[in-house]
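# Everything below, folded, please.
(one chain, ligands or ions: 1)
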Amino acid sequence: MKLVFATNNLNKLREVQEMLPQSIELLSLKDINCFEEIEETATTLEGNAKIKADHITNNYNYNCFADDTGLEVEALQGEPGVYSARYAGEPANAENNMNKLLKNLGNGDNRKAQFRTSICLNLDGKQFLFDGICKGDILSEKKGEQGFGYDPIFQPEGHSISFAEMDSADKNAISHRGLAIQKLVDFLKNLK
Ligand code: IMP
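Numbers count the residues shown, from 1 in each chain. Now for the predicted structure:
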């Protein structure tokens, strides 16, 4: 079966392909000649994942899944959430996003946060949602050089280092995206 992953991020694509049975062939947006920007206009992660998956299924007639991720900070009522990529404005910039978050959080005691990934799968006319959550704390300053986005200021629960101090295999094993993708893969493997 051919299945589109609505991304052009080759790292994400390879990671998922390696977890899937060989009977499922993953295609990127480029593979199906989809080059237009898909506007993420929803106010929820689920909504944006659905917009992307539906765009591909409706316009290209493929089974497809799409993901969307946000960092939800408890003391900021779930901000930046669905607006994580462009929290500090355009163009998207990870340093500015982290600085804005640290400033807004100040020295508050409640530093609880979670990354959440939502995946929407369109399969043979039916729609399925999967999610993955990684709970942790926002550090008071940046630590580590690896990863991307908010990794330097996020310390996952039960660990004493930030995501940016972990190697990618260790991060993937506990991350929001890793957990959501694992649920999707288990579902696809069990299809009759
Ligand atoms: P996307 O939906 O995967 O593109 O993620 C949206 C935004 O959330 C990214 O631009 C990052 O700012 C942030 N983000 C998503 N996943 C991670 C992660 O694993 N670590 C740090 N930041 C992330």
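# and Asp67, helix, strand or coil?
Following DSSP: H, G, I helix; E, B strand; the rest coil, we place Asp67 in the strand state.
# same thing with Phe115?
Secondary structure of Phe115, per three-state DSSP, is strand.
# do you know how far His176 is from the ligand?
Distance, His176 to the ligand, using CB to the nearest ligand atom, to the nearest Å: 7 Å. C-beta: built from backbone N, CA, C; applies to glycine.
# Same question for Gly144.
Taking CB to the nearest ligand atom, one finds Gly144 at 11 Å from the ligand.
# Could you tell me which residues make contact with that residue?
Neighbouring residues of Gly144 by CB atoms under 8 Å, 6 or more residues apart in numbering: 151-152, 161-166.
# what's the pLDDT at the closest residue to it other than its chain neighbours?
Distances taken as CB to CB, 6 or more residues apart in numbering put Ala164 closest to Gly144, at 3.0 Å, once the chain neighbours are dropped. We have a pLDDT of 97 for Ala164.
# Quick check: ChimeraX command selecting the buried ones in the contacts of Gly144.
Per 16 or more other CB atoms under 10 Å, the buried members of the contacts of Gly144 correspond to this ChimeraX selection:
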select :151,152,162,163,164,165,166
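# if we can go back for a sec, I'd guessed the residue nearest to Gly144 sits against Gln155; true?
No. Taking CB atoms under 8 Å as the definition, Ala164 is not a contact partner of Gln155, at 9.7 Å.
# How confident is the prediction for the residue of the chain found nearest the ligand, by pLDDT?
Closest residue of the chain to the ligand, CB to the nearest ligand atom: Gly149 (2.3 Å). Turning to Gly149, the model gives it a pLDDT of 96.
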